[in-house]
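> okay, predicted coordinates and the sequence, questions at the end:
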Amino acid sequence: MDMDVLRDLRGPSAAAGGVFWQTERQLMVFDADAAAQANTDNYVDLTLPDRLRDLLLRRPSTPVSWKRVRSAWMAQLRTLTGEEGLAALDARMDSLLRARTGASLNMPWLAHEVSFRSLLPIVLDGLSSADSAKISEDAIAKLARLLGEAVEDPPWWRSWRPVSIQVSAGLVVRRELRRRARDTGAARADL
């Protein structure tokens, strides 16, 4: 980091006890206790959002705590990040990088693509290449929007393409989860 930036942040940080607004939308937190408390406040009692069907029917969904989801994921991640799982992840990343050798590339986008596509089987394994492409297209469209690189950024209700991409990806996930719920033999070692 540029030393001038650090020097410029030291004064306001010291004057405000490590927590201050850098801009109207950017809160700077340099105090470890304040950062831990902010994290606790942000994640206390978080639940999954209501299902779309319940929203349309104007009723609440059964609350599901993120702590419960996280606990299940952590147990599964211990299995997935064993020696065999990490070797498979490394092979997927290597394959994607080798496929792009020799091309002129945008490194941040390449890092995102390689990371996302390599990690997808850890989150949802066993998808066809067409279904994986739908999930990837959704993730890339969302990243482009977050980074301000999307071709267009109208309100969601006026932009059919991003919504159609998101719905398509959601249908892939829903179809796979329903298939697994019907067929207990279809379970996979993923999140």
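Ah, there it is.
> what are the buried residues along the longest helix seen in the chain?
For the chain, the helix with the greatest residue count under DSSP state H is helix 160-182. Of the residues in helix 160-182, 162, 165-166, 169, 172-173, 176 count as buried by neighbour count, 16 or more other C-beta atoms under 10 Å. No exception for glycine: its C-beta is placed from N, CA and C like everyone else's.
> now for Met28: which residues touch it?
Neighbour list for Met28: 9, 12-13, 19-22 [criterion: C-beta atoms under 8 Å, 6 or more residues apart in numbering].
> and the residues you listed as CSV, adding secondary structure and distance to Leu46?
Formatted as CSV, these follow (DSSP: H, G, I helix; E, B strand; the rest coil; distance: C-beta to C-beta, whole Å):
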residue, secondary structure, distance to Leu46
Leu9, helix, 30
Pro12, helix, 31
Ser13, helix, 29
Val19, strand, 22
Phe20, strand, 26
Trp21, strand, 25
Gln22, strand, 26
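> could you flag which of these are buried?
Buried members of the contacts of Met28, scored by 16+ other C-beta under 10 Å, are 13, 19-20.
> could you pull out the helices for this protein?
Assigned by DSSP H, the helices in the chain fall at 3-15, 32-43, 52-56, 66-80, 83-99, 107-123, 129-146, 160-182.
> select, out of these, the one closest to Ala189.
The closest of the helices of the chain to Ala189 is helix 66-80. By C-beta to C-beta, the value is 6.5 Å.
> the residue nearest to the spatial centre of the chain and Ala16: what is the separation?
Geometric centre of the chain, nearest residue: Ala139, 8.1 Å, by C-alpha atoms, centre = their mean. Distance, Ala139 to Ala16, using C-beta to C-beta, to the nearest Å: 37 Å.
> for the protein, give me the ranges with low pLDDT.
1-3, 42-45, 148-159 (pLDDT under 70).
> rerun at 50
The chain contains residues with pLDDT under 50 at 1-2.
> can you get me a residue count around Pro63?
Pro63: 10 surrounding residues under other C-beta atoms under 10 Å.
> not counting sequence-adjacent ones, nearest residue to it?
With C-beta to C-beta, 6 or more residues apart in numbering as the measure, Thr47 is the residue that lies nearest to Pro63, at 4.6 Å, once sequence neighbours are left out.
> same question for Ser115.
Nearest to Ser115 is Met93, by C-beta to C-beta, 6+ apart, at 7.9 Å.
> so that neighbour is in contact with Ser118, correct?
Yes: contact criterion C-beta atoms under 8 Å: Met93 and Ser118 qualify, at 4.6 Å.
> neighbour count: those two, which is higher?
Applying other C-beta under 10 Å to Met93 and Ser118 shows that Ser118 carries more neighbours, namely 19 against 15.
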